[in-house]
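**Student:** Quick one, what's the 3D model for this:
(one chain, ligands or ions: 3)
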Amino acid sequence: MKQPLAYLDRNRDRYLSELTELLAIPSISTAPEYAGDVRHCARWVSDHLRGIGLNNVQIHQTEGHPIVYADWMGAPGKPTVLLYGHYDVQPPEPVDLWTSPPFEMTIRNGNIYARGSADDKGQIFIHFKSIEALLRTHGSLPVNVKLILEGEEEIGSEHLEGFVRKHKKLLKADIVLISDSSMFARGVPSICYGLRGLAYIQIEVTGPNKDLHSGSFGGSLHNPIQALAEIISGLHDRNGRVTIPGFYDDVRRLTQTERRAYAKLPWDDRNYARSLGVSGLAGEKGFTTLERIWARPTLECNGIWGGFTGEGAKTVLPSKAYAKISMRLVPDQKSSRIAKLFIRHIREIAPRTVRVQVNALHGGEAAITPIDSPGVRAAAAAIEKGFGKKPLFQREGGSIPIVIQFKQLLGLDTVLLGFGLPDENAHAPDEFLSLDHFFKGMKTSIHFLNELPKFLNDRD
Ligand code: BES
Ligand code: MN
Ligand code: MN
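**Tutor:** Ligands and ions are numbered 1, 2, ... in the order given. Below is the predicted model:
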């Protein structure tokens, strides 16, 4: 693997300038006015994949944003890796909190700053460039690869499941590889073996049939914002547990082995609280912070609005109030069942003085990959070579809904080989990817492709 690794070193500057181009495209999937940029990004990615030597490059239109597919199948008899990632990004707002413009990649303090640098353009690019290095030096890859890159991950991957169902043969592989998560800490490589699921819900509370003067009417009606606040504040009890009946029914318990392993990880609650600017932590009683984030279900209010929110004061008793609520789920909770329980509970507790409408927006299931599976063992060997250290094993609190579909529809386990950092500011201003992780990630990727056949062949 000397030649491809030397190729990486020789091409550092060009790699970074190409990444600048990719990160300059505002492929914001949630905003309809950016649909053209999302399409442009799909084209950029497919042109790039063709340029680095991949074959069969296709752009599949969907009812939402396009899915890009490409492959290299020149290693008959060798395993096939299905690499998944997303080229869409979150909106950059609030833009004025960025130190440098979100779509102008800037390198500072050894970090690559831009929207999408870590989540997920920078991480998919790592694999594009390791593939390029292998193809340009050896003229071949040690395994077959198929790439599938979607433009709707940040909005719930609505059209991807249908695509996977329809193209089972095209996507046939031995293992899925995803780099869309973080390492445990800077310089502490890790392999993620679990993700949480999600149920995302919007509540609309209606009081009077129009906005009213808060002086003339205040005191005579239930203010919908007040009613909504009462509903939300009742969703947790004093022990930080979610009060929805049945919410915990299907939760898979942490094993003693997991609890012991998490307790040994280098973690400090006080540093964590300090780094986030809070004076103390909160959460479900009886569990440690890492357990709460990785392996326990939670409920968060993501946004709440209504009435007058402009500058200055306007006295009004509003007609409506809204909230967006997400629940992070763990095996074996089912997103659709949790959404139903939530809706039923809200209807039950809603005061009769207001009307409440509850809508499920999107969801996804939690996923666990066995840590002794061949792909995970190959990834551990690759990290040891790429980073010069053995990886830790961890779970993550975030969600990648397609992971469970890959298991259920294609029978494939996923290796989550993330190169981000826990403080990378994903979905927030000043998102970054460590420059060091960017290049070590490419080395790790080269080693992963090279190691994989040894581990997969062990199987039979
Ligand atoms: N890359 C994240 C998922 C992630 C976050 C994995 C943190 C590991 C740690 C992904 O882009 C994401 O943001 N997913 C959404 C999914 C949702 C829109 C269905 C999430 O987790 O909120
Ligand atoms: Mn992502
Ligand atoms: Mn994301």
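**Student:** Not counting residues beside it along the chain, what's closest to residue 351?
**Tutor:** For residue 351, ignoring the flanking residues on the chain, the nearest one in space by CB to CB, 6 or more residues apart in numbering is residue 227 at 5.4 Å. Any C-beta I mention is one placed from the backbone N, CA and C, and that applies to glycine too.
**Student:** So which bits of the stretch 351-460 of the chain are right by ligand 1?
**Tutor:** With CB under 6 Å from any ligand atom as the criterion, the stretch 351-460 of the chain meets ligand 1 at residues 364, 396, 398, 399, 400, 401.
**Student:** part of a strand, is residue 324?
**Tutor:** Yes - counting by DSSP: H, G, I helix; E, B strand; the rest coil, residue 324 is part of a strand.
**Student:** count of residues packed around residue 39?
**Tutor:** Residues lying near residue 39 (other CB atoms under 10 Å) number 17.
**Student:** Next one: it from ligand 2, what distance?
**Tutor:** The spacing between residue 39 and ligand 2, counted by CB to the ion, to the nearest Å, is 19 Å.
**Student:** Helix or strand: which one has that residue?
**Tutor:** helix 35-51 (DSSP states H and E).
**Student:** and the residue of the chain found nearest ligand 1, what is it in contact with?
**Tutor:** Nearest to ligand 1, among the residues of the chain, is residue 398, at 2.2 Å (CB to the nearest ligand atom). Counting by CB atoms under 8 Å, 6 or more residues apart in numbering, residue 398 makes contact with 181, 195, 196.
**Student:** Without its sequence neighbours, what residue ends up closest to residue 422?
**Tutor:** residue 182 (5.2 Å).
**Student:** Could you do residue 25 as well?
**Tutor:** In space, residue 25 is closest to residue 41, 4.4 Å off (CB to CB, 6+ apart).
**Student:** What score does the residue of the chain most remote from its centre have for pLDDT?
**Tutor:** Going by CA atoms, centre = their mean, the residue of the chain most distant from its centre is residue 216, 47.8 Å out. We have a pLDDT of 98 for residue 216.
**Student:** and this protein, which residues reach ligand 1?
**Tutor:** For the chain, the residues in contact with ligand 1 (CB under 6 Å from any ligand atom) are 119-120, 153-154, 156, 180-182, 195, 198, 364, 396, 398-401.
**Student:** if we can go back for a sec, contacting residues around the helix holding residue 39?
**Tutor:** With contact meaning CB under 8 Å, 6+ apart, helix 35-51 is reached by 18, 21-22, 25-29, 57-59, 65-68, 70, 87-88, 124, 128, 147, 149, 151.
**Student:** check contacts around the residue nearest to residue 351.
**Tutor:** Contacts of residue 227 (CB under 8 Å, 6+ apart): 205, 207, 321, 350, 351, 353, 354, 356.
**Student:** Can you flag the buried ones in the residues you listed?
**Tutor:** The neighbour count (16 or more other CB atoms under 10 Å) marks 205, 207, 321, 350, 354, 356 as buried among those.
**Student:** in the helix or strand containing residue 14, what's buried?
**Tutor:** Element membership for residue 14 (DSSP H and E) is helix 12-24. Neighbour counts over helix 12-24 (16+ other CB under 10 Å) mark 15, 16, 18, 19, 20, 22, 23, 24 as buried.
**Student:** Pull up the residues of the stretch 1-150 of the chain that are close to ligand 2.
**Tutor:** By CB under 5 Å from the ion, the residues of the stretch 1-150 of the chain that approach ligand 2 are 119, 120.
**Student:** give me that answer again for 8 Å
**Tutor:** Proximity of the stretch 1-150 of the chain to ligand 2 is confined to 85, 86, 119, 120, 123 under the rule CB under 8 Å from the ion.
**Student:** Now go through those and say which are in helices.
**Tutor:** residue 123 (DSSP state H).
**Student:** and the residues of the stretch 1-150 of the chain next to ligand 2, which of them are in strands?
**Tutor:** Members of those lying in strands (criterion: DSSP state E): 85, 86.
**Student:** hmm, back to that, make sure the residue nearest to residue 351 is indeed in a strand.
**Tutor:** No - assignment of residue 227 by three-state DSSP gives helix, placing it outside any strand.
**Student:** And it, how far from residue 213?
**Tutor:** 19 Å (CB to CB, to the nearest Å).
**Student:** Give me the three-state assignment for the closest residue to ligand 2 within the stretch 251-400 of the chain.
**Tutor:** Across the stretch 251-400 of the chain, no residue is closer to ligand 2 than residue 400, which sits at 6.8 Å (CB to the ion). Three states are possible here, and by three-state DSSP the one that applies to residue 400 is coil.
**Student:** Now it: phi and psi?
**Tutor:** Here is the backbone geometry of residue 400 (degrees, to the nearest 10): phi -130, psi 90.
**Student:** Would you agree it is in contact with residue 150?
**Tutor:** No - using CB atoms under 8 Å, residue 400 is not in contact with residue 150, being 10.7 Å away.
**Student:** Pipe the buried ones among the contacts of residue 227 into JSON lines and attach pLDDT, distance to residue 238 and secondary structure per row.
**Tutor:** Below are these laid out as JSON lines (pLDDT from 0 to 100; distance: CB to CB, whole Å; DSSP: H, G, I helix; E, B strand; the rest coil):
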{"residue": "205", "pLDDT": "98", "distance to residue 238": "25", "secondary structure": "strand"}
{"residue": "207", "pLDDT": "98", "distance to residue 238": "29", "secondary structure": "coil"}
{"residue": "321", "pLDDT": "98", "distance to residue 238": "25", "secondary structure": "strand"}
{"residue": "350", "pLDDT": "96", "distance to residue 238": "22", "secondary structure": "coil"}
{"residue": "354", "pLDDT": "98", "distance to residue 238": "25", "secondary structure": "coil"}
{"residue": "356", "pLDDT": "98", "distance to residue 238": "24", "secondary structure": "strand"}
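**Student:** Serialize the residues you listed to TSV and add fields for distance to residue 376.
**Tutor:** Conversion of the buried ones among the contacts of residue 227 to TSV gives the following (distance: CB to CB, whole Å):
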residue	distance to residue 376
205	46
207	53
321	46
350	45
354	50
356	45
